[in-house]
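**Q** Need coordinates for the following:
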Amino acid sequence: SEIKTVLAAAIEQGGTTLRDFVGGDGKPGYFAQQLFVYGRGGKLCKVCDATLKEIRQGQRATVYCPKCQH
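**A** The predicted model follows:
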């Protein structure tokens, strides 16, 4: 399944370092470079060039593409 493929790729690249996380070996994960919307609110979608929307809920934010993720 696609989920297994994505998880395997993330593990292979050492996980997803979003801020200051490092693995047991002291190295950051590099899978964050594969993320299409995380932290990119207001920027253009890498797939369709629509402006990415951001919804704030307290201290959390959700970013999505209004065209690709409807």
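
**Q** Outline the domain layout of the protein.
**A** 1-35, 37-70 (automatic domain parsing).

**Q** and the shortest one, which residues are buried?
**A** So that's domain 37-70. 37, 41, 45, 52, 63-65 (16 or more other Cβ atoms under 10 Å). Glycine gets a C-beta too; all of them are placed from N, C-alpha and C.

**Q** Out of those, flag the one nearest to residue 4.
**A** The nearest member of the buried residues of domain 37-70 to residue 4, counting by Cβ to Cβ, is residue 37 at 21.1 Å.

**Q** ok, now how distant is the residue of the chain most remote from its centre from residue 9?
**A** Distance from the C-alpha centroid of the chain peaks at residue 25, with 22.4 Å (Cα atoms, centre = their mean). As judged by Cβ to Cβ, to the nearest Å, residue 25 and residue 9 stand 19 Å apart.

**Q** Understood, closing this out.
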